[in-house]
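Participant: how would this look folded up:
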Amino acid sequence: MVIQEVRAFNRFYTNLIGALDYSKHLYTPYTLTESRVLYELAHSPRTDAADLRVELSLDAGYLSRLLGKFERDGLVERAKSLEDNRRQRITLTGRGREAATLLDERSREAVGVLVSRVPAEERERLVAALRTVREALAPGRAAGAEGPVLREPAPGELGWTVARHGALYAAEYGWNTEFEGHVARIVGDFARDRDPERERMWIAELDGRPVGSVMCVRDETEEGTARLRLLLVEPEARGHGIGERLVGSVVEFARERGYRDLVLWTNDVLGGARRIYQRAGFTLVAEEPHHSYGVDLVGQDWRLGLGGREAVPG
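Facilitator: Presented below is the predicted three-dimensional model:
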């Protein structure tokens, strides 16, 4: 009876979400397997082909052909792993990240339509039932067990970043709306002028909701230098290593893109963030008192040498 019910549910759900014709269902050129590979690449800061194969239980030859197709389409780049020359590092290009973001948006929209059919008073029961299924079938990978994931910002999350910076720094440090305006300008510049090959933003997601952010952009005054901006981790999400992962992703991205140095500006009161920067290898190079955001502060410049050369656009 259990086997029959599981098989019946599988047939019901795959038909409901259009899994048998996934590309048509989401109006994209990618199959369900291709979409899942793009998702994994977009949500993991470091991915080797072997890790993909194990995580998705794919045949090595099939995965190699799929990655070859992605490479020909300009979605991924393949190179030797920095940790092990026998392994192959897979990295999304700017075009690949755009494709993954589009897929994520379409998937969220499709699931949103699906959930909208469920009466509001029934949705909590639906979520509990889904969590029960996951816990029963894979106890080690129950809801939240996989920990935080890093990904591109979804629509609306640039605004979330501005709002959470404003609210959090007001609550924790007493900063006024001048700071929120400062963050809004940074985010606006990024949205308007971003070079997807050399600049990137990450959102940290935990249990299905955004809990952190960080950004890597070109420094406007120093050629060949990248700048880390807008590191934030929600108070309830601290302790999961999210800040370290966000900063580590910026360092790795900047190094892979050929920047020579990575710099950042912060304030001395942000002790937790400064400790993360120090552990990542940043060095304090200058500091200066200033009055901003309604309070007296000491601004600090930090720098990390990457040993690269400036990447050539294109």
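Participant: now the helices: where do they sit in this structure?
Facilitator: Along the chain, counting by DSSP state H, helices occupy 2-16, 22-26, 32-43, 49-56, 60-72, 94-116, 120-137, 157-173, 177-193, 242-256, 271-279.
Participant: Just put those helices in a markdown table and tack on distance to Pro210.
Facilitator: For every residue, glycine as well, the C-beta is placed using N, CA and C. Output for the helices of the chain, formatted as a markdown table (distance: least, Cβ to Cβ, whole Å):
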| stretch | distance to Pro210 |
| --- | --- |
| helix 2-16 | 27 |
| helix 22-26 | 22 |
| helix 32-43 | 13 |
| helix 49-56 | 23 |
| helix 60-72 | 27 |
| helix 94-116 | 13 |
| helix 120-137 | 18 |
| helix 157-173 | 6 |
| helix 177-193 | 14 |
| helix 242-256 | 11 |
| helix 271-279 | 18 |
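Participant: Tell me which of those sits most buried.
Facilitator: helix 242-256 (a mean of 21; mean count of other Cβ atoms under 10 Å).
Participant: Please compute how far that one lies from its chain's middle.
Facilitator: The chain centroid and the centroid of helix 242-256 are separated by 11 Å under Cα atoms, centre = their mean, to the nearest Å.
Participant: want to throw the helices of the chain into JSON lines with distance to Ser292 and mean pLDDT?
Facilitator: Conversion of the helices of the chain to JSON lines gives the following (distance: least, Cβ to Cβ, whole Å; pLDDT from 0 to 100):
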{"stretch": "helix 2-16", "distance to Ser292": "53", "mean pLDDT": "85"}
{"stretch": "helix 22-26", "distance to Ser292": "45", "mean pLDDT": "65"}
{"stretch": "helix 32-43", "distance to Ser292": "35", "mean pLDDT": "85"}
{"stretch": "helix 49-56", "distance to Ser292": "44", "mean pLDDT": "82"}
{"stretch": "helix 60-72", "distance to Ser292": "45", "mean pLDDT": "91"}
{"stretch": "helix 94-116", "distance to Ser292": "33", "mean pLDDT": "84"}
{"stretch": "helix 120-137", "distance to Ser292": "43", "mean pLDDT": "84"}
{"stretch": "helix 157-173", "distance to Ser292": "11", "mean pLDDT": "95"}
{"stretch": "helix 177-193", "distance to Ser292": "7", "mean pLDDT": "96"}
{"stretch": "helix 242-256", "distance to Ser292": "23", "mean pLDDT": "93"}
{"stretch": "helix 271-279", "distance to Ser292": "16", "mean pLDDT": "93"}
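Participant: of those helices, which approaches Trp302 most closely?
Facilitator: Nearest to Trp302, of all the helices of the chain, is helix 271-279, at 5.4 Å by Cβ to Cβ.
Participant: Just the terminal-to-terminal distance for stretch 221-241.
Facilitator: 31 Å (Cα to Cα, to the nearest Å).
Participant: Excluding residues flanking it in the chain, which one is nearest His291?
Facilitator: Taking Cβ to Cβ, 6 or more residues apart in numbering, and ignoring the residues beside it in sequence, His291 has Leu297 as its nearest neighbour in space, at 7.3 Å.
Participant: in the sheet, who's paired with that neighbour?
Facilitator: Judged by DSSP bridges, the bridge partners of Leu297 are His290.
Participant: who touches the nearest residue to Cys216 once chain neighbours are set aside in this structure?
Facilitator: Nearest-residue entry for Cys216: Val250, 4.5 Å, with adjacent residues in sequence omitted and distances by Cβ to Cβ, 6+ apart. Val250 sits next to Trp202, Val214, Met215, Cys216, Ala226, Leu228, Leu262 when contact means Cβ atoms under 8 Å, 6 or more residues apart in numbering.
Participant: repeat that for 6 Å
Facilitator: By Cβ atoms under 6 Å, 6 or more residues apart in numbering, the contact list for Val250 reads Val214, Cys216, Leu228.
Participant: what's the neighbour count on the second one?
Facilitator: Looking back up the chat, that one is Cys216. Applying other Cβ atoms under 10 Å, we find 24 residues neighbouring Cys216.
Participant: same thing with Thr225?
Facilitator: 18.
Participant: That one pairs with what?
Facilitator: Asp261.
Participant: what's the answer for the one 4 residues further on, then?
Facilitator: On the basis of DSSP bridges, Arg229 takes part in beta bridges with Met215.
Participant: any idea how far it is from Met201?
Facilitator: 9 Å (Cβ to Cβ, to the nearest Å).
Participant: shared neighbours of these two, anything?
Facilitator: Met215.
Participant: The two - which one has more neighbours?
Facilitator: Remark: of Arg229 and Met201, Met201 carries more neighbours, 22 against 19, as counted by other Cβ under 10 Å.
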